[in-house]
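> Prediction below, plus the sequence it came from.
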Amino acid sequence: MESLEKEALLAQDYLSRISEEAERKFDEYLPSPKDRPCRLHEAMRYSMFAGGKRLRPALVKASFDLFKGKGESVYLAMSALEMLHTFSLIHDDLPCVDNDDYRRGKLTSHKQFGEATAVMAGDALCVLAFELMGKTGNAKAIEVLAHLLGTFGMIGGEMTDIECEGKPVDLEIVDYIHYHKTAALIEAALKVGALLAGASDKEIEAIQNYGRAIGLAFQIVDDILDIVSTTEELGKDAGSDIEKGKATYPSILGLEKSRTRAMELYEESIKALDALEMDTGILRSIAAFIITRVK
């Protein structure tokens, strides 16, 4: 575990640096709160600049750089991925879904701006994300992103998560929810970066396998943290998964077996990277960060 923690520190440095780059682009691409509709634009910016690890933009950049991508299109994609992630969080927090009061230590969008504005802020971020992706000129990247966001991806996972609340579920259902709800957009970030860089089909398959594994590991760690952490540590309502009867790994396997499964997925992600004949150090360190993170 000590060596993993050292790897994780490298990832933290990388995430910090990429976060600064990405946020400069967010500021450039997001509408000004001085422009009408001012309140909507303010709400979009509120959630986009509420903090976070900026993992998805970092994965776009890491994949793009890994496959020797050139040009500015990567910044459009990095911004689009974070906008889509933020859109999902705004809607996930709504009273009609999870009804959460806090996200990243701040009031959720609907608590700050009202439910109607929050809904429209999420919608607007989703639309703007695809406007930015259109500017990349890469139709395949747009297609992949839309598929992994839609009913066969993140939105499908969110719907199944809602349907299964308070109901008995098995491991197959939990795997389905976790892959579609969380891992799909992480996989999309990596695939989009690779496609923009012109990676081969074999290279894209390897990066996809890595993304699927770390995405599932990420959500399992989230499940665990919801149980063992406080609201202050998480920056959001702790214990909410149990309270709402969510389908999670700990609810099926218990904490220790969930930790074991997360570690197995970490090892799967490293094996996927072994198929690439290039320096995958950044992606290895990000996998270590995911498996060792405390918040």
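Perfect, I can see it now.
> alpha carbons only for contacts and neighbour counts from here, please
OK.
> In this protein, what residue spans correspond to strands?
102-103, 106-107 (DSSP state E).
> Just give the strands next to the last one in its sheet, each with its orientation.
This points to strand 106-107. strand 102-103 (antiparallel) (DSSP bridges).
> Tell me the gap between the partner strand and the middle of its chain.
Offset of strand 102-103 from its chain centre (CA atoms, centre = their mean, to the nearest Å): 16 Å.
> Quick check: mean pLDDT of it?
Here strand 102-103 scores 90 as its mean pLDDT.
> Please apply the same query to stretch 57-74.
97.
> do the same with stretch 158-174
Rounded mean pLDDT across stretch 158-174 is 91.
> what do you get for stretch 82-92?
The pLDDT scores in stretch 82-92 average 97.
> Mean neighbour count, the strands of the chain: which tops it?
Each of the strands of the chain was scored by mean neighbour count; the highest is strand 102-103, a mean of 20, by mean count of other CA atoms under 10 Å.
> residue contacts, Asp92?
98-99 (CA atoms under 8 Å, 6 or more residues apart in numbering).
> related to what we said a few turns ago, right, and the strands of the chain - which one's nearest Leu125?
Comparison of these against Leu125 by CA to CA identifies strand 102-103 as nearest, at 17.1 Å.
> So, low pLDDT: which residues of the protein?
Applying pLDDT under 70 to the chain flags the ranges 1-2, 230-245, 294-295.
> just to revisit the earlier point, with distance to Gly157 added, can I get the strands of the chain in JSON lines?
Converted to JSON lines, those look like this (distance: least, CA to CA, whole Å):
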{"stretch": "strand 102-103", "distance to Gly157": "20"}
{"stretch": "strand 106-107", "distance to Gly157": "25"}
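> Among those, which comes closest to Val228?
If we rank the strands of the chain by CA to CA, the stretch that ends up nearest is strand 102-103, at 17.5 Å.
> Do a quick rundown of the helices in the stretch 1-150 of the chain.
2-29, 38-48, 55-66, 73-93, 109-113, 115-136, 139-149 (DSSP state H, counting those that start in this stretch).
> what does the second one contact?
With CA under 8 Å, 6+ apart as the test, helix 38-48 has contacts from 26, 30-33, 35, 82-83, 86, 90, 108-109, 113, 117-118, 120-122, 124-125.
> circling back: could I get the helices of the stretch 1-150 of the chain as JSON lines with distance to Leu276?
Formatted as JSON lines, the helices of the stretch 1-150 of the chain follow (distance: least, CA to CA, whole Å):
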{"stretch": "helix 2-29", "distance to Leu276": "19"}
{"stretch": "helix 38-48", "distance to Leu276": "33"}
{"stretch": "helix 55-66", "distance to Leu276": "10"}
{"stretch": "helix 73-93", "distance to Leu276": "21"}
{"stretch": "helix 109-113", "distance to Leu276": "41"}
{"stretch": "helix 115-136", "distance to Leu276": "25"}
{"stretch": "helix 139-149", "distance to Leu276": "21"}
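> wait, which of those helices is closest to Thr248?
Judged by CA to CA, the one of the helices of the stretch 1-150 of the chain that comes nearest to Thr248 is helix 73-93, at 16.1 Å.
> Could you pull up the residues touching the residue lying closest to Ser88 once chain neighbours are set aside?
Of all residues not flanking Ser88 in the chain, Gly122 sits nearest, at 7.1 Å (CA to CA, 6 or more residues apart in numbering). Counting by CA under 8 Å, 6+ apart, Gly122 makes contact with 44, 86-88, 90-91.
> so can I have a markdown table of those residues showing distance to Ile286?
As requested, the contacts of Gly122 are exported to a markdown table (distance: CA to CA, whole Å):
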| residue | distance to Ile286 |
| --- | --- |
| Met44 | 28 |
| Thr86 | 20 |
| Phe87 | 23 |
| Ser88 | 22 |
| Ile90 | 25 |
| His91 | 27 |
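> Cool, thanks, talk later.
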